[in-house]
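Novice: predicted model and sequence follow; I will ask about them next.
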Amino acid sequence: MHKDNEKMKSEIIRRSGVNPSKCMRCGKCSGTCPAYDEMEYHPHQFVYMVESGDIEPLLSSESLYKCLSCFACVDRCPRGVEPAKLVEAVRLSVIRQQGANHLTANDIPEMLDPDLPQQAIVSAFRKYTK
Amino acid sequence: MQVNEYRPLIVAFCCNWCSYAGADLAGNNRLNYPADVKIIRVPCSCRVNPMFILRAFQRGADGVIICGCHPGDCHYTSGNYYTRRRMALLFSMLDYLGIERERTRLEWVSAAEGAKFAATMNDFAETVAALGENKRLEDLRCKK
Amino acid sequence: MQRIGVFVCWCGTNIAGTVDVAAVSEALKSEPGVVFSTNYQYMCSQAGQDIIKDAVKEHNLTGIVVCSCSPRMHEATFRKTAAAAGLNPYMVEIANIREQCSWVHKDMLTGTEKAIILGKAAVAKVNLNTPLTPGESPVTKRALVIGGGIAGIQTALDIADAGFPVDIVEKNPTIGGKMAQLDKTFPTLDCAACILTPKMVDVAQHENIRIFSYSEVEEIGGFVGNFDVKIKKKARFVKEDICTGCGACVEKCPMKKIPNEFNLGMDNRRAVYIPFAQAVPKVATIDPSACNMLKSGKCGICSKVCTAGAIDYKQKDELIEEKYGAIVVATGFNPISMDKFDEFAYNQSRDVITSLEFERLTNAAGPTQGKLLRPSDLEHPHTIVFVQCVGSRCDACAEKGKEYCSKICCMYTAKHAMLVRDKYPDTEVYVFYIDVRTPGKNFDEFYRRAVEEYGVRYIKGMVGKITPEGDKLKVQASDLLADKQLHIDADLVVLAAAIEPDKTARPLATMLTASMDTNDFFTEAHPKLRPVESPTAGVFLSGTCQGPKDIPETVSQASAAAAKVIGLLVKDKLTGNPCIASPNELMCNGCSSCERVCPYGAITYIDKEFPQPDRTVAVRRVAQVNPAVCQGCGACTVACMSGAMDLRGFMSSQIIAEVDAICK
């Protein structure tokens, strides 16, 4: 594994508290994911790519913001890998950088959907901005 | 016998089923280790009473090593687990008494690990030799 | 004072090459107790042994030290020599000056020096040796088999065929176990009942076998060769010896809505029932929790219709006490509960079933007479989804599921899928797998046939969620190879639930003082070399109580356990190892520390009377070691706070003498 990749991997693992090498590649996370079709990289691929240090493509992927943080994958993973926490850790490493907010508060009103639960809006703020 | 170089005195307790057999295997394969190591055979590492170790130190041993089966492989199912706990306590007490931690060791050696046995003994003898003579627990009254 | 003879072996040049053997025998001459010391080329040869025998007679030796190869090599040889010379064999000690001296040291000087020290240690030990005699205990020539599934049946038949009486204890009203519930068996697809029921009949008719059905083991005492067992024969309210199994009572019983355990609750039975047509013993049993007569005294129909007069509402639990020489555990397995797997909707839809339920559903004697109809509306399912590894191979920290692979699911799922496609080619069959594990004779071929000949669609991936919607089950799953999420409208979903040891195993292990792993599987004495014995002497393991197994493996293990039992029962007496723990009763303070560390349950406490100097008698609690059970590990000797417990052959004083000799 390349040195930079190694470093990034250990950073993601440290931040998420997830051990991706526990994965047995069953794909239950992707089988359970409600946002699967929206995502470029699916939960099981997230785990695999972090495990193999291939994190660069994840950083620039829209998938980071498509994950609903519903934690269904975390709940159902038989090996206790917690893929959503990995997604969150990768997302944090992007939006924590200067000016890297995915959304600003001003963008939100026009995106609002009357059916959207309040909880999702709050969670979006948490997820997409510093 | 006049020996110029200081050689430590090391007592090794080996369980009959794994480590003693491992020592035999080291012999079969002619793997050298220092003659400073003298082995005492016990049925199981859990037979090693901490008293025996204190006694050895009292009588002038420079190092004591206890060898047992790997955890989970004990001939008596759980003997080495007792050893592990007892030795943890004993070692911390010896530390308190001022005996260097390096003078005692607990090692798992299976009957197939002749090479590991020899390597362990070489390493241990070297470590103990580097520490020099053990003066702390020797009972002066026993010294002739 | 001992009279010790020292015999130093050259072992050709093996020892003599690096050790000055003459110097060793000379140096040891002056050790305390030594009255004779010599060296010889090959001590283990006939001539060498004769030297020892002659010396014993000539010098009236009471102890022998042989400085030679490892005791693991020739200790037994020299003990026999000592015995031949009229000496107690345990008065022999070996100083290992070959493997642990001459072979590992190159220098003659250090080699000789160390050999002398090792010899001194052995002499110091022999000075404290005492003659030991191995204990003997008689063997009760009867075996107990706990569990009447295929494992228990096979073990019992093999032991009984060898001529020993066997009792089978089965908690259910009939023997047969899980195999009786199966439909076909992989990889040959012969029907389980066709191969099992003849064996059940053999058991019933065997003159050496007694079946205690509807019974449980209540208490186990004693030790190898001499177990005392109490068996509770639960009241079945039917006289077993009179009932003909005609079923008239079953037909007339008005209580019709009791879930039928044998069909896993997929249909109903009566309050009085015979689990299945080929049950052994074929007698009716009244379920006291459902019977009106037993609950309120109102009914009594079964008693009226029984022409044999077998019904007995006043029957009580019966306690049977019996002695056994050996005990075989064959308690088997159960599928785990699906309650915690909400995502699979097992509790929301009747059309989500476990594989064992599927077995009943396709069984000709099952609730649908073998027609594949889904439980909710008895319609023929057109799309069936099989989910593998449900609860198997889970993380140790996860709250649901088991860490291990249940081993049998890959094969039975292939079997189920194949059978469905064979009988109903219009059915779509999907199998979601993580890995397909088929190690076994003709196993992979079987799985390939399911795919290639029967067109079962194997999809690498896992089902994430099942949602019942109308009469369909919406299955959402991943297809990892196609990198797609699949949505399948299924009619029936079959979950390959993990298997776990039966719940009765844990309390039984406690009674037997047999060890278990964290998953409640019984531990074997050695994972490779003693796979059918428990570390507890006289307790043997048969079938899935030791770990997940399929039928062929279970049967081989059952026969292996039987062979071990027979090997034990043919002996008239058991000769123990004399190197066992022995407490000094006068020093014992009755603290129970030794009892708690003993891995074999060899230590018990008794109240013993001790005469006092003033001629009164004091009663004190003291430890007792059972010589037939103790294996001589010595764990108790260190745990003993008062120093009362010692290990014969490896006494504390002996080991300290060795330490002193080495450190001198």
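Specialist: All right, it came through fine.
Novice: which element is the residue nearest to C:M651 when sequence neighbours are not counted on?
Specialist: Spatial nearest neighbour of C:M651, chain neighbours left out: C:L128 (6.5 Å); criterion: Cβ to Cβ, 6 or more residues apart in numbering or on different chains. In short, each C-beta sits where N, CA and C put it, glycine included. Taking DSSP states H and E as the definition, C:L128 sits outside all helices and strands.
Novice: is it correct that C:L128 is in contact with C:I655?
Specialist: No. The criterion here is Cβ atoms under 8 Å, and C:L128 misses it with C:I655 at 9.6 Å.
Novice: more neighbours, those two?
Specialist: A direct count of neighbours by other Cβ atoms under 10 Å in any protein chain shown for C:L128 and C:I655 places C:I655 higher, at 27 against 17.
Novice: point out where chain A drops to low pLDDT.
Specialist: A:130 (pLDDT under 70).
Novice: which residue of it lies farthest from its centroid?
Specialist: A:P114 (25.5 Å; Cα atoms, centre = their mean).
Novice: quick one: secondary structure of it?
Specialist: coil (DSSP: H, G, I helix; E, B strand; the rest coil).
Novice: hmm, stretch B:129-136 touching chain C?
Specialist: No. If you take Cβ under 8 Å from any Cβ of the partner chain as the test, stretch B:129-136 misses chain C, and the best it gets is 10.8 Å.
Novice: kindly apply the preceding question to stretch A:49-68 instead.
Specialist: No. Using Cβ under 8 Å from any Cβ, stretch A:49-68 never reaches chain C; the gap is at least 13.2 Å.
Novice: helices along the stretch 201-350 of chain C, start to end?
Specialist: In the stretch 201-350 of chain C, the segments counted as helices under DSSP state H, counting those that start in this stretch are C:248-252, C:292-296, C:301-305.
Novice: out of the ones you listed, which is closest to chain B?
Specialist: helix C:292-296 (45.8 Å; Cβ to the nearest Cβ).
Novice: how about residues contacting that closest one?
Specialist: With contact meaning Cβ atoms under 8 Å, 6 or more residues apart in numbering or on different chains, helix C:292-296 is reached by C:237, C:254-255, C:271, C:286, C:288-289, C:298-300, C:302-303, C:313.
Novice: same thing with stretch A:109-121?
Specialist: In contact with stretch A:109-121 (Cβ under 8 Å, 6+ apart) are residues A:I108.
Novice: gap between the two ends of it?
Specialist: Chord length of stretch A:109-121, first to last residue, is 10 Å (Cα to Cα, to the nearest Å).
Novice: now swap in stretch C:135-155 and tell me
Specialist: End to end - Cα to Cα - stretch C:135-155 spans 29 Å.
Novice: buried stuff in it?
Specialist: C:135, C:137, C:139-155 (16 or more other Cβ atoms under 10 Å in any protein chain shown).
Novice: show me where pLDDT drops low in chain C?
Specialist: Chain C contains residues with pLDDT under 70 at C:398.
Novice: among the buried residues of stretch C:135-155, which lie within strands?
Specialist: Assigned to strands by DSSP state E, the following of the buried residues of stretch C:135-155 qualify: C:S137, C:A143, C:L144, C:V145, C:I146.
Novice: how about JSON lines for the helices of the stretch 201-350 of chain C, with mean neighbour count added?
Specialist: Formatted as JSON lines, those follow (neighbours: other Cβ atoms under 10 Å in any protein chain shown):
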{"stretch": "helix C:248-252", "mean neighbour count": "17"}
{"stretch": "helix C:292-296", "mean neighbour count": "15"}
{"stretch": "helix C:301-305", "mean neighbour count": "17"}
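Novice: helix, strand, or coil at A:D75?
Specialist: Secondary structure, three-state DSSP: A:D75 is helix.
Novice: go on, the one 5 residues further on?
Specialist: Secondary structure of A:G80, reduced to three states by three-state DSSP: coil.
Novice: contacting residues for the closest residue to it other than its chain neighbours?
Specialist: Computed as Cβ to Cβ, 6+ apart, the closest residue to A:G80 that is not its neighbour in sequence is C:D395, at 3.6 Å. The neighbourhood of C:D395, defined by Cβ under 8 Å, 6+ apart, consists of A:K22, A:C77, A:P78, A:R79, A:G80, A:V81, C:G401, C:E403.
Novice: nearest to chain B among those residues?
Specialist: C:E403 (15.4 Å).
Novice: how about low-confidence regions in chain B?
Specialist: Looking at chain B by pLDDT under 70, you get B:1-4, B:136-144.
Novice: can you pull out the strands in it?
Specialist: Assigned by DSSP E, chain B shows strands spanning B:10-15, B:37-42, B:63-68, B:104-108.
Novice: can you say which of the ones you listed is nearest to chain A?
Specialist: So among these, strand B:104-108 is nearest, using Cβ to the nearest Cβ, at 25.4 Å.
Novice: okay, now residue 62: neighbour count?
Specialist: Let's take chain A. Neighbour count of A:E62, defined by other Cβ under 10 Å: 11.
Novice: sorry, I should have been clearer: chain C.
Specialist: C:T62: 20 neighbours (other Cβ under 10 Å).
Novice: quick check, central residue of chain A?
Specialist: Centroid-nearest residue in chain A: A:V87, 1.9 Å away (criterion: Cα atoms, centre = their mean).
Novice: that one contacts A:Y41, doesn't it?
Specialist: No. Contact criterion Cβ under 8 Å: A:V87 and A:Y41 do not qualify, at 9.0 Å.
Novice: residues in contact with stretch C:544-552?
Specialist: With Cβ under 8 Å, 6+ apart as the test, stretch C:544-552 has contacts from C:147, C:150-151, C:179, C:185-186, C:329-333, C:404-408, C:411, C:440-441, C:499, C:501-502, C:505, C:521-522, C:524, C:531-532, C:543, C:554, C:557.
Novice: can you turn the buried part of those into a ChimeraX selection?
Specialist: Listed next is the ChimeraX selection for buried residues among the contacts of stretch C:544-552, using 16+ other Cβ under 10 Å:
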select /C:147,150,151,179,185,186,329,330,331,332,333,404,405,406,407,408,411,440,499,501,502,505,521,522,524,532,543,554,557
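Novice: okay, and which of the contacts of stretch C:544-552 map to strands?
Specialist: Per DSSP E, the contacts of stretch C:544-552 map to strands at C:T185, C:V329, C:F333, C:I499, C:P501.
Novice: give me phi/psi at the residue lying closest to C:K184 once chain neighbours are set aside?
Specialist: Excluding the flanking residues, the one nearest C:K184 by Cβ to Cβ, 6+ apart is C:C191, at 5.5 Å. C:C191 adopts backbone torsions of phi -80, psi 140, taken as degrees, to the nearest 10.
Novice: quick one: C:C191 and C:T197 touch, right?
Specialist: No. When contacts are counted by Cβ under 8 Å, C:C191 is not listed as touching C:T197 (9.7 Å).
Novice: who has more neighbours, those two?
Specialist: Per other Cβ under 10 Å, whichever of C:C191 and C:T197 has more neighbours is C:T197, with 19 against 15.
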